[in-house]
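>>> Dropping a prediction and its sequence here:
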Amino acid sequence: MKTLKRLAAVVATVVLTVGMSASCFAATWDSYFGIQGGWYEGADGELTSNTADGWTADMASIGWGGCWGGQVMQSVDIKKGEEYTLKCTLSSSNCDKWVFIKIAKDDNFAYGQWVQIKKGQSVTVDETFTAENDADQITFGIGGDFGDRTGIDADAEARYALASGGASSINDGDPTYATVITCEGFSLEAAGAETEAAETNASGETAASSSTSTTSSTTSTVATGDFTPIACGVAAVVAAATIVVFARKKDAE
C-alpha cells in the first residue's frame, strides 16, 4: 500500500511538472486583436504559432482602427545611443499589407519602420540602427491602417512621418480583408555581435576559446526580460515537495 502511494505521488509530480512547464514556456510573444478585446474597429484574429524566432497571425479581418488594432509584441531591453540590428522576414497571404515595427518605451521611439508587404510575397528586414531612446518593447502593428489616425493615436504623427510618402501613402485597401501574416527569422541583437563571433571562430583559436567567445557574444542579444522559466522551476519543485510530504503523512497515518 505504501509503495502504491509513493508511486502515485511520483506520477502526480511528473504530470504537474510537465503541465506547468508547458504553460510556462508557451508564451514568447504577446498579442492583441481589437475585436477580441471589445474594440469593434480593431482586427479580428489570433496567433496560431508562437516561437522564439517568429509568429503567425491568422486574421479574419484587418479592421480599420489603425495598425494598433492588431498587435504582436515582446519585451526588450534597448539602451539609448547604442547600435542594434533587427532582422525578420514578414509575409502576407491574401492581401497587400502595411506593418509598422515600433521599438519604444510608451511613445518614445528608439526605432520605427513601415514595411509594405505584397500579397503572397515576403519582405526581409535587415536594419542596423542607433537607438534614439531607451525602449522596453518591440511591437508589430498589423491592424488595418488607412493613414487617418493623426489626432487619434498618440504616436500617429510620429509613425506616419516615418513613411516615405507620409500618412497618405499608408492604405491597407479594405478593412474586411482576411490574411495570414507571418514573421520568421526574428532577431534583435547588439550590432556586431554575430560578426565578432564569426571573427573569433575564424581566428584559429582552440575549440574551448571559441566557445567562450561565442557565449560572450550571445549575452549581447537583447534581453526579453522573461524570468518565467525560473519561476516555473521553483513552482514545480515546491509542488513536488508538497506531494511527497503529503504522501509520507498519509503513510504515517
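The structure has been received and is ready for your questions.

>>> so where does residue 158 fall, helix or strand?
helix 156-160 (DSSP states H and E).

>>> I'd say residue 175 and residue 59 touch.
No - counting by C-beta atoms under 8 Å, residue 59 is not a contact partner of residue 175; they are 10.9 Å apart. C-beta coordinates here come from the backbone N, C-alpha and C atoms, glycine included.

>>> The two: which is more packed in?
Between residue 175 and residue 59, counting by other C-beta atoms under 10 Å, residue 59 is the more crowded of the two (27 against 18).

>>> Might you report the residue contacts of residue 99?
67, 90, 114, 115, 117, 140, 141, 142, 181 (C-beta atoms under 8 Å, 6 or more residues apart in numbering).

>>> element containing the spatially closest residue to the last one that is not a sequence neighbour, please.
Nearest non-adjacent residue to residue 181, counting by C-beta to C-beta, 6 or more residues apart in numbering: residue 57, 4.8 Å away. When elements are defined using DSSP H and E, residue 57 is found to belong to strand 54-61.

>>> what's that strand packed up against?
Counting contacts by 3 or more C-beta pairs under 8 Å, 6 or more residues apart in numbering; DSSP states H and E, strand 54-61 is packed against strand 30-33, strand 44-51, strand 70-78, strand 179-190.

>>> Residue 153 is nearest to which of the ones you listed?
Counting by C-beta to C-beta, residue 153 lies closest to strand 70-78 out of the helices and strands packed on strand 54-61; the figure is 12.1 Å.

>>> buried ones in the closest one?
Within strand 70-78, the residues that count as buried by 16 or more other C-beta atoms under 10 Å are 70, 71, 72, 74, 76, 78.

>>> Turn those into CSV, including distance to residue 155.
Output for those, formatted as CSV (distance: C-beta to C-beta, whole Å):
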residue, distance to residue 155
70, 16
71, 13
72, 17
74, 18
76, 17
78, 16
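
>>> still on that earlier bit, just the ones of the contacts of residue 99 in strands?
Cross-referencing the contacts of residue 99 against strands under DSSP state E gives 90, 114, 115, 117, 140, 141, 181.

>>> Poorly predicted segments of the chain, please.
Where the chain drops to pLDDT under 70, the residues are 1-27, 193-253.

>>> where exactly do the helices run in it?
2-25, 156-160, 193-201, 207-218, 228-252 (DSSP state H).

>>> which of the residues in the second one are buried?
The one in question is helix 156-160. For helix 156-160, burial by neighbour count (16+ other C-beta under 10 Å) applies to 156, 159, 160.

>>> can you pull the contacts of residue 92?
Contact analysis of residue 92 by C-beta under 8 Å, 6+ apart lists 117, 118, 119, 120, 121, 179, 180, 181.
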